[in-house]
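**Student:** Sequence and computational prediction follow.
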Amino acid sequence: MGTVLGDMRHVQWHELRHAHGSASQVPGMLSRIAWGDSESAEDALSDLERWIGAMAVFDSTVATVPFLWELAAVETVKDRIGVLGLLRTILAHGHAHEPEWTRGAHQAVVAGRGTALRLAGDGDPAVRRTAKELLAALDTHTCGTCPPG
């Protein structure tokens, strides 16, 4: 896999869950985002959003967020704006029955704030704008499971 996403092999994906079952397919989706063409990356992002963030977050969300931050920072990734949007979606959602997943997912997104700051100065105006929007969401994030900022 090279250096991008190289640490994915250390995650026991088959032990994690997403909205539709086992998270064993998440590494393939992340790889499609990293190296796929625009259409493939967009499809993979759409699948990931449905699996790990749109309705609720899961233990696989917590494991996936650091890789999303990694992808957002790689200029060759076709849909960095979509990756940043997915991070914002994750920050906006939780899991009613698993508050530790909510807290873990949100903290993982917050942990990438330095990357968002760098991307707020990116050469691509759309990436800059989306990174600034995510920074605003990070700076104003409050929820019942996260410790006060």
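**Tutor:** Structure received.

**Student:** Now stretch 29-37 - C-alpha only, CSV.
**Tutor:** Extracted in CSV, the C-alpha atoms of stretch 29-37 (Å, rounded to 0.1, in the frame of the first residue of the first chain):
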residue,chain,number,x,y,z
MET,A,29,-13.1,2.1,0.5
LEU,A,30,-10.2,4.1,1.9
SER,A,31,-7.9,2.7,-0.8
ARG,A,32,-10.4,3.7,-3.5
ILE,A,33,-10.4,7.2,-2.1
ALA,A,34,-6.6,7.3,-2.0
TRP,A,35,-5.9,6.0,-5.5
GLY,A,36,-9.1,5.7,-7.4
ASP,A,37,-10.3,8.0,-10.1
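
**Student:** in it, what's buried?
**Tutor:** Along stretch 29-37, the positions that meet the burial threshold by neighbour count (16 or more other CB atoms under 10 Å) are 29-36. The C-beta positions use only the backbone N, C-alpha and C, and glycine is treated the same way.

**Student:** Stretch 75-90 now?
**Tutor:** Within stretch 75-90, the residues scored as buried using 16+ other CB under 10 Å are 77-90.

**Student:** got it, and stretch 15-24?
**Tutor:** Of the residues in stretch 15-24, those buried (16+ other CB under 10 Å) are 16-19, 23.

**Student:** low pLDDT regions in this structure?
**Tutor:** In the prediction, the chain carries residues with pLDDT under 70 at positions 1-2, 149.

**Student:** quick revisit: now for the buried residues of stretch 29-37, which pair is the farthest apart?
**Tutor:** Of all pairs drawn from these, the widest gap by CB to CB lies between Met29 and Trp35 and measures 11.7 Å.

**Student:** Which parts of this structure are helices?
**Tutor:** Taking DSSP state H as the criterion, the chain contains helices spanning 26-35, 38-52, 59-72, 80-92, 99-111, 113-119, 125-140.

**Student:** helices or strands up against the second one?
**Tutor:** I take that to be helix 38-52. Other helices and strands packing on helix 38-52, by 3 or more CB pairs under 8 Å, 6 or more residues apart in numbering; DSSP states H and E, are helix 26-35, helix 59-72, helix 80-92.

**Student:** name the helices or strands packed onto the last one?
**Tutor:** So the one you mean is helix 80-92. Packing partners of helix 80-92 (3+ CB pairs under 8 Å, 6+ apart): helix 38-52, helix 59-72, helix 99-111, helix 113-119, helix 125-140.

**Student:** Right, I'll leave it there.
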